[in-house]
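Participant: Starting from these lines, generate the structure:
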Amino acid sequence: MSDKVMFIGDPNPSHAIDTFFHGICEVLGEENVYEFPPEIKYHSNYTLDPYNFWTVKNSKTTSLEGHIRGYQFYVDVFNNPDSGFKYIFCVNRPHLESVYSTRRYPSLYTLVQLLNDIKPERFKDIAIIFMEEEGDPFLYGHNEIYIKYFQNPTIPQSNGSMKQYPSVFEKIDLWLKVDFIRKYVKYPEKVFPLYISAPEDKLLKMVDNKILPFEERKYDVCFISGVHHQDRIKYYDILNSQLKVGNNILFCDRDNSLCGLKDYFNYLNNSKIAISVRGGEYSNTRNIEGPYLGCALFTQKLEIEIVNDYVDNHSAIFFNETNLIKKLTEYINDQDKLKSLCENSRNHCLQYHTTESRASHYLNKIKNIKNW
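Facilitator: Next up is the predicted model:
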């Protein structure tokens with residue numbers, strides 16, 4: 001019997017979580033992934049939305065309306081050792097509600113109750129994985145409260161009373177943290193960073209299943225920018241005014257040079273260098289899209305922990321505003337060196353940052369933790 005997965009979803013999008021679950025479906029088989037509640041189809045911003053990640057159809061008819069209808073079905077499933085369910089993945093993004101509101105942590109609210117109702121002897125056979133995209137700790141400032149909520153959860157009941165639950169920490173095997181920043185916030189040792197990964201089938205589809213060889217690429221540099229973050233506008237201006245070599249494709253929405261999604265991927269597929277500047281988040285989809293499509297990655301050094309990150313001057317070039325033009329000029333003027341960087345960027349992405357490799361990495365970590 002194949003291992004089955006219960007996915008406790010959240011309606012908010014996340015690049016890293018979307019692509020990770022795409023990998024889970026690849027590794028374990030989509031037929032073994034179940035949603036709770038159903039009809040939460042994950043999507044992300046304009047870059048990933050058309051990928052249609054969530055097409056899972058293994059859903060029981062349930063809903064969340066103050067209480068959970070059909071909830072007992074899921075309790076019975078996990079209490080049955082012959083059901084084949086081996087993983088509970090719970091996804092959470094705090095909503096802008098009161099910290100202690102169940103609407104702020106809807107998935108955690110469900111998970112706490114579920115862990116309370118599963119028989120203790122079943123936990124040796126079930127892995128509990130909590131996945132969280134929390135946002136900027138300086139912006140929301142609720143990290144310590146959130147940790148205390150895990151340690152001492154109190155949840156409103158349907159009759160208006162408050163019920164105290166045991167610590168959630170002791171039952172969670174793995175906590176995958178999106179935008180994980182160790183130097184700012186201290187988390188328990190079981191927390192690991194989760195970074196965006198490359199869905200190979202979806203990316204190939206966007207370029208009609210053909211990644212162009214280096215010699216056929218029209219452009220040296222590709223930089224496509226929105227206007228929602230000042231850093232991207234700043235680097236667009238630097239490139240537009242100072243880069244004097246190469247045949248380059250530069251877009252900025254500020255100039256009404258709108259680039260459609262299909263065009264975006266075609267430009268990447270026709271470019272030798274993809275420049276990645278993070279926007280309002282801690283990571284950037286271009287760090288996996290560009291290298292997967294054969295571009296040499298020029299990127300800022302991200303202030304997050306990334307498992308098997310790109311290596312500066314080997315599989316990527318890390319830049320800042322003072323050295324970007326110099327580094328671009330160096331590689332554009334040495335096409336053999338640039339071709340080697342393109343190959344290294346793609347090979348690194350294929351080895352460490354596809355959805356399948358990301359999912360396999362953490363499934364193996366879970367198996368080691370559980371001693372399966």
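Participant: Could you chop the protein up by domain?
Facilitator: Using automatic domain parsing, the domains assigned to the chain come out as 4-197+355-370, 200-352.
Participant: Endpoints of the longest one, how far apart?
Facilitator: Length of domain 4-197+355-370, first residue to last, CA to CA, to the nearest Å: 16 Å.
Participant: got it, and stretch 253-264?
Facilitator: One end of stretch 253-264 sits 13 Å from the other (CA to CA).
Participant: Could you do stretch 274-281 as well?
Facilitator: Stretch 274-281 has its terminal residues 18 Å apart, counting by CA to CA.
Participant: tell me how far that stretch is from the chain's mean position?
Facilitator: Put simply, stretch 274-281 sits 15 Å off its chain's centre (CA atoms, centre = their mean, to the nearest Å).
Participant: May I see the buried residues of that stretch?
Facilitator: Using 16 or more other CB atoms under 10 Å as the test for burial, stretch 274-281 gives 274, 275, 276, 277, 278, 279, 281. Just so you know, the C-beta spots here come from the backbone N, C-alpha and C atoms, and that holds for glycine as well.
Participant: which residues sit against that stretch?
Facilitator: With CB atoms under 8 Å, 6 or more residues apart in numbering as the test, stretch 274-281 has contacts from 15, 179, 221-223, 225-226, 228-229, 231-232, 235, 239, 268, 284, 286-287, 289-291, 293, 295-300, 302, 324.
Participant: switch the cut-off to 6 Å
Facilitator: 222-223, 228-229, 231-232, 235, 268, 284, 286-287, 290, 295, 297-299 (CB atoms under 6 Å, 6 or more residues apart in numbering).
Participant: Please check these and keep the buried ones.
Facilitator: Neighbour counting by 16+ other CB under 10 Å classes 222-223, 232, 235, 268, 284, 286-287, 290, 295, 297-299 among the contacts of stretch 274-281 as buried.
Participant: Among those residues, which ones are in strands?
Facilitator: Applying DSSP state E to the buried ones among the contacts of stretch 274-281, the entries found in strands are 222, 223, 297, 298, 299.
Participant: Just give the nearest non-adjacent residue to the first one, would you?
Facilitator: It refers to residue 222. Residue nearest to residue 222 in three dimensions, not counting chain neighbours: residue 271, with 3.5 Å by CB to CB, 6 or more residues apart in numbering.
Participant: The one you found: neighbour count?
Facilitator: Neighbourhood size, residue 271 [other CB atoms under 10 Å]: 27.
Participant: for residue 215, same thing?
Facilitator: For residue 215, using other CB under 10 Å, the count is 7.
Participant: Next one: it from residue 75, what distance?
Facilitator: Note on residue 215: its distance to residue 75, by CB to CB, to the nearest Å, is 59 Å.
Participant: re earlier: got JSON lines for the buried ones among the contacts of stretch 274-281, with distance to residue 130 and pLDDT too?
Facilitator: Output for the buried ones among the contacts of stretch 274-281, formatted as JSON lines (distance: CB to CB, whole Å; pLDDT from 0 to 100):
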{"residue": "222", "distance to residue 130": "37", "pLDDT": "96"}
{"residue": "223", "distance to residue 130": "36", "pLDDT": "94"}
{"residue": "232", "distance to residue 130": "32", "pLDDT": "88"}
{"residue": "235", "distance to residue 130": "36", "pLDDT": "93"}
{"residue": "268", "distance to residue 130": "34", "pLDDT": "95"}
{"residue": "284", "distance to residue 130": "25", "pLDDT": "83"}
{"residue": "286", "distance to residue 130": "28", "pLDDT": "90"}
{"residue": "287", "distance to residue 130": "25", "pLDDT": "94"}
{"residue": "290", "distance to residue 130": "31", "pLDDT": "96"}
{"residue": "295", "distance to residue 130": "34", "pLDDT": "98"}
{"residue": "297", "distance to residue 130": "30", "pLDDT": "98"}
{"residue": "298", "distance to residue 130": "34", "pLDDT": "98"}
{"residue": "299", "distance to residue 130": "29", "pLDDT": "97"}
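Participant: of the residues you listed, closest to residue 367?
Facilitator: Here the nearest of the buried ones among the contacts of stretch 274-281 to residue 367, counting by CB to CB, is residue 287; it sits at 27.9 Å.
Participant: what about the closest residue to the closest one other than its chain neighbours, distance to residue 306?
Facilitator: Of all residues beyond its chain neighbours, the one nearest residue 287 is residue 276 (5.1 Å), with distances taken as CB to CB, 6+ apart. Distance, residue 276 to residue 306, using CB to CB: 13 Å.
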